[in-house]
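Chemist: kindly generate the corresponding structure for this input.
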Amino acid sequence: MVSDRRTAAFSLIASGTLALVASVGLSVQFGWPDILDAPAAEVLPAFAEIAGTVQTLFLLQLAGSLVLIPGVIALHLLLARSRGTDAALLTVTAFGVLAPVIQSLGWIRWPLVVPGLAERYLDPSASAAATEATAATYELINAYAGGALGENLGWLLQGVWAVGLGILAWRAADVAPSWLRRTLAVVAVAWTVSLVPAGWLASDPLTAIGSSIYSVWYLVLLVLGVTLLRHRADEPASVPA
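Modeler: Got it, this is the predicted structure:
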């Protein structure tokens, strides 16, 4: 149990730290996430100016997503010892593992695909038709890998995991103190509710709310990780056979 607790703690701390650093850096340096809605004529030249920085920051986002997977599994094991393994816990954990994978499909386009598109778009020898085709390719990839997968579906799935985790851990005093479990549940519900209309109804106010909430979510991950390291609860009651 101690090993699972530490695995979960370090995973959550690493994920929250990497994601927070990357998101702040991208916001300051690249105007993220607002730039995701900008046309290729604006995005690709802006990317080319600081390509190395943007690639590095999105790699941090990628790492922040993937490093959460061991924490999701470790939290599953902690909760299983407290309440037993059932369909609800398995379903929540499946959402938690799938979400970072989906997010990564969105993050990876920036270090791997966009550099080549930016180079072709800014190539002075390219024809107007080639430039337009490159712009159309970027916007298609951005809409699918970014808008549909990474920035919407991935975050929605993680929100569902967080809501499920908050519900299942509500009485699990051996996982985290009650104040943090309640905070987790409130933030997760607010975040998920804001993401659904923000992603599919293109509501600017709700998009802003969703962006703010998942910034808070990074902090919640950090606090949860630190609390798992520090919190000492009584041994959980044995689970009935």
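
Chemist: who's in contact with residue 115?
Modeler: 47, 51, 55 (CB atoms under 8 Å, 6 or more residues apart in numbering). (Glycine included, C-beta is placed from N, CA and C.)

Chemist: reformat those residues into a markdown table and put distance to residue 94 next to each item.
Modeler: A markdown table is the format used below for the contacts of residue 115 (distance: CB to CB, whole Å):
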| residue | distance to residue 94 |
| --- | --- |
| 47 | 34 |
| 51 | 36 |
| 55 | 31 |
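
Chemist: nearest to residue 128, of the residues you listed?
Modeler: Nearest to residue 128 among the contacts of residue 115, counting by CB to CB, is residue 47 at 20.6 Å.

Chemist: could you find the closest non-adjacent residue to that closest one?
Modeler: residue 118 (5.0 Å; CB to CB, 6 or more residues apart in numbering).

Chemist: can you flag which of the contacts of residue 115 belong to helices?
Modeler: 47, 51, 55 (DSSP state H).

Chemist: what helix or strand is residue 110 on?
Modeler: Per DSSP states H and E: residue 110 is located in helix 109-112.

Chemist: longest helix in this structure, please.
Modeler: Ranked by residue count, the top helix of the chain under DSSP H comes out as helix 2-30.

Chemist: now it: mean pLDDT?
Modeler: Regarding helix 2-30, the rounded mean pLDDT is 92.

Chemist: and if you look at stretch 77-91?
Modeler: Mean pLDDT, computed over stretch 77-91, is 86.

Chemist: which intervals of this protein have sub-threshold pLDDT?
Modeler: Along the chain, segments meeting pLDDT under 70 span 1-2, 171-176, 188, 191-214, 231-241.

Chemist: residue furthest from the geometric center of it?
Modeler: In the chain, residue 125 marks the outermost C-alpha relative to the chain mean, sitting 38.9 Å out by CA atoms, centre = their mean.

Chemist: before we move on, back to that, so what's the gap between the longest helix of the chain and the chain middle?
Modeler: Centroid separation between helix 2-30 and its chain, computed with CA atoms, centre = their mean, to the nearest Å, is 10 Å.
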